[in-house]
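Novice: below is the sequence, then the predicted model.
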Amino acid sequence: MVPTKPTLPPGYQAYQYLPQAPVFFGKDGYLPLTVYQSGTTDITFYTSHDGGLSWAGDPANANKVIKPGLPAFADALQLWCWDGGTRLYTSTDGAQTWQATQASLDLSGSLSRLEFVPGFTGWALTRLDDAGHSQLYRTTDGTNWTPLIH
């Protein structure tokens, strides 16, 4: 089978896009795609169920689009995306729908890495500050973050 590229809905070909590397769980994969439109920036996730040979997604579907952030994949169904500020998005159905929550801390401009395991346990790492220090936070509910190293 010849791989097919992700298709864009009519009218979206003129926008700018920034893809990230796909993430796979067996043959199930996710391709994060940031879309730069007129005056707004969003992120959507194209999905594959055949190891990346074909991709499906719809950046025009409001249920599948969120504000850009740093994505993290706990498993093939549970995804997280944090804008670094106080908005944290989670999907428990493989990026088909998203719920927004407010995080208990604001890491605007300093969020470097985000990791989750299945469930709601995750870690956030900040970039080095001017003193050469990084901060590590942990959550067990996806909302409240506790500093581990700061």
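Specialist: Nice, thanks for sending it over. Numbers count the residues shown, from 1 in each chain.
Novice: dihedrals phi and psi, the residue lying closest to residue 108 once chain neighbours are set aside?
Specialist: Once flanking residues are discounted, residue 108 sits nearest to residue 85: 4.6 Å by CB to CB, 6 or more residues apart in numbering. To be clear about C-beta, it is placed using only N, CA and C from the backbone, and glycine gets the same treatment. For residue 85, the backbone dihedrals (degrees, to the nearest 10) come out as phi -90, psi -120.
Novice: ok, now residue 147?
Specialist: phi -70, psi 130.
Novice: picking up where we left off before, report the contact partners of the residue nearest to residue 108.
Specialist: Residue 85 sits next to 103, 106-108 when contact means CB atoms under 8 Å, 6 or more residues apart in numbering.
Novice: swap in residue 122?
Specialist: 72, 74, 80, 114-116, 138-139, 142.
Novice: what is it paired to in the beta sheet?
Specialist: As for beta bridges, residue 122 partners with residue 116, residue 139 under DSSP bridges.
Novice: what pLDDT does it get?
Specialist: Note for residue 122: predicted pLDDT of 96.
Novice: so it versus residue 79, what's the distance?
Specialist: For residue 122, the distance to residue 79 equals 11 Å [CB to CB, to the nearest Å].
Novice: what do these two both touch?
Specialist: Shared contacts of residue 122 and residue 79 (CB under 8 Å, 6+ apart): residue 72.
Novice: make a markdown table from the contacts of residue 122 and add pLDDT to it.
Specialist: A markdown table is the format used below for the contacts of residue 122 (pLDDT from 0 to 100):
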| residue | pLDDT |
| --- | --- |
| 72 | 95 |
| 74 | 94 |
| 80 | 94 |
| 114 | 95 |
| 115 | 96 |
| 116 | 96 |
| 138 | 97 |
| 139 | 95 |
| 142 | 87 |
